[in-house]
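S.K.: model this:
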Amino acid sequence: MGLRIINRRPGRGSALFWGALPFLAVLALYLVFSTLRLAENPNDKLLPALSTIADTVGRLAFSFDQRTGQILLWADSAASLSRLGYGLAVSAAIGLVVGIGSGLVPFIRAGLAPSIAVVSLIPPMALLPILFISFGLGELSKVVLIVVGVAPFLVRDLAMRVEAIPAELIIKAQTLGASTWQIVTRLVLPTMLPKLIDALRLSLGPAWLFLISAEAIAAQDGLGYRIFLVRRYLAMDVILPYVAWITLLAFLMDWGLRTLNRRISPWLTRGAA
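M.R.: You can find the predicted model right below:
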């Protein structure tokens with residue numbers, strides 16, 4: 001009997017090939033359609049030549065802007081990553097504290113679970129005008145939008161995972177004389193940290209969406225601001241590199257969180273994606 005395909009594992013080289021294949025296919029399609037459009041109209045802006053994109057990237061990443069005196073790509077990246085970092089950090093802290101409390105303490109669960117469930121169902125983008133009115137057009141409103149969009153998911157996810165901890169473990173800890181604080185710090189917290197990191201990885205996509213949306217509406221810098229600023233000029237040679245750069249940053253953040261999880265809890269993450 002032949003080896004079933006579900007039992008086959010690609011080697012390292014084969015895995016790299018299959019992983020790169022979709023990107024190579026997209027690049028090939030872009031080159032084909034870009035060549036066709038430029039042959040018909042050399043001034044076409046929808047699919048600029050790779051040489052045009054390379055020139056624009058060089059200007060954005062290595063030349064000082066005459067108006068601002070900054071290197072735009074790095075200035076925009078620093079602004080966006082700062083907002084995203086603050087938003088995710090606050091969301092993680094809220095998720096960890098409220099999630100553990102809600103999952104472990106029945107009184108907290110009874111008081112907070114219904115309201116957290118309701119808040120998590122509100123589309124965060126619908127709150128954007130309210131946040132701008134309440135917190136102004138500065139940095140705070142953008143960070144709050146990320147927190148509103150991400151924190152309820154983290155709270156609910158961690159609360160359910162805390163509730164899923166076998167009751168026998170908590171009973172044994174109490175039998176050995178552990179206080180509630182000791183149960184939290186020595187049993188629940190070490191178990192939940194890897195779960196929190198996994199939940200943050202799943203939240204990266206929505207967090208970037210909220211950030212880009214807020215920057216597009218009210219900002220003076222940032223990756224989302226730059227994309228929506230140049231859209232009126234159909235500057236795809238700027239938009240495409242910025243989208244690719246955002247994707248790369250999100251990938252590196254995901255990779256960093258995954259690596260961190262493997263270091264702090266290798267017994268839980270072995271074989272995980």
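
S.K.: Just the strands from the stretch 51-200 of the chain, written as ranges.
M.R.: With DSSP state E, counting those that start in this stretch as the definition, the stretch 51-200 of the chain shows no strands.

S.K.: Got phi/psi on residue 220?
M.R.: phi -110, psi 0 (degrees, to the nearest 10).

S.K.: what's near enough to touch residue 219?
M.R.: Listed by Cβ atoms under 8 Å, 6 or more residues apart in numbering, the contact set of residue 219 reads 79, 142, 225. Quick note: C-beta positions are derived from backbone N, CA and C, even for glycine.

S.K.: Let me know the closest of the residues you listed to residue 183.
M.R.: Proximity of the contacts of residue 219 to residue 183 (Cβ to Cβ) peaks at residue 142, which lies at 37.1 Å.

S.K.: Next one, pLDDT for that closest one please.
M.R.: Note for residue 142: predicted pLDDT of 92.

S.K.: Give me the most central residue, the protein.
M.R.: residue 204 (1.4 Å; Cα atoms, centre = their mean).

S.K.: sorry, back to before: quick one: which of the contacts of residue 219 has the most company?
M.R.: residue 142 (31 neighbours; other Cβ atoms under 10 Å).

S.K.: Run through the residues that contact that one.
M.R.: Neighbours of residue 142 in contact, by Cβ under 8 Å, 6+ apart: 83, 87, 211, 214-215, 219.

S.K.: Can you tell me how far it is from residue 263?
M.R.: Residue 142 sits 31 Å away from residue 263, going by Cβ to Cβ, to the nearest Å.

S.K.: again with residue 11
M.R.: Using Cβ to Cβ, residue 11 is found at 25 Å from residue 263.

S.K.: Under the pLDDT cut-off, which ranges of the stretch 1-150 of the chain? List them.
M.R.: 1-3 (pLDDT under 70).

S.K.: Going along the chain, name the helices of it.
M.R.: For the stretch 1-150 of the chain, the helices defined by DSSP state H, counting those that start in this stretch occupy 12-40, 50-62, 72-104, 106-120, 128-135, 139-163.

S.K.: and the fifth one, what does it pack onto?
M.R.: This means helix 128-135. Using 3 or more Cβ pairs under 8 Å, 6 or more residues apart in numbering; DSSP states H and E, the elements in contact with helix 128-135 are helix 139-163, helix 189-217.

S.K.: Neighbours of residue 135, how many?
M.R.: 15.

S.K.: who are the neighbours in contact with the closest residue to residue 52 other than its chain neighbours?
M.R.: Once flanking residues are discounted, residue 52 sits nearest to residue 237: 5.1 Å by Cβ to Cβ, 6 or more residues apart in numbering. Applying Cβ under 8 Å, 6+ apart to residue 237 gives the contacts 45, 48, 52-53, 55-56.

S.K.: just to revisit the earlier point, out of the helices and strands packed on helix 128-135, which gets nearest to residue 70?
M.R.: helix 189-217 (16.0 Å).

S.K.: hmm, who's touching the next helix or strand after the closest one?
M.R.: Reading on from helix 189-217 to the C-terminus, the next helix or strand found by DSSP states H and E is helix 223-230. By Cβ under 8 Å, 6+ apart, the residues outside helix 223-230 that reach it are 72, 76-77, 79-80, 211-216, 219, 238-239, 242-243, 245-246.

S.K.: let's go with 10 Å and repeat that
M.R.: 60, 72-73, 75-77, 79-81, 83-84, 142, 208-222, 235-240, 242-243, 245-246, 249 (Cβ atoms under 10 Å, 6 or more residues apart in numbering).
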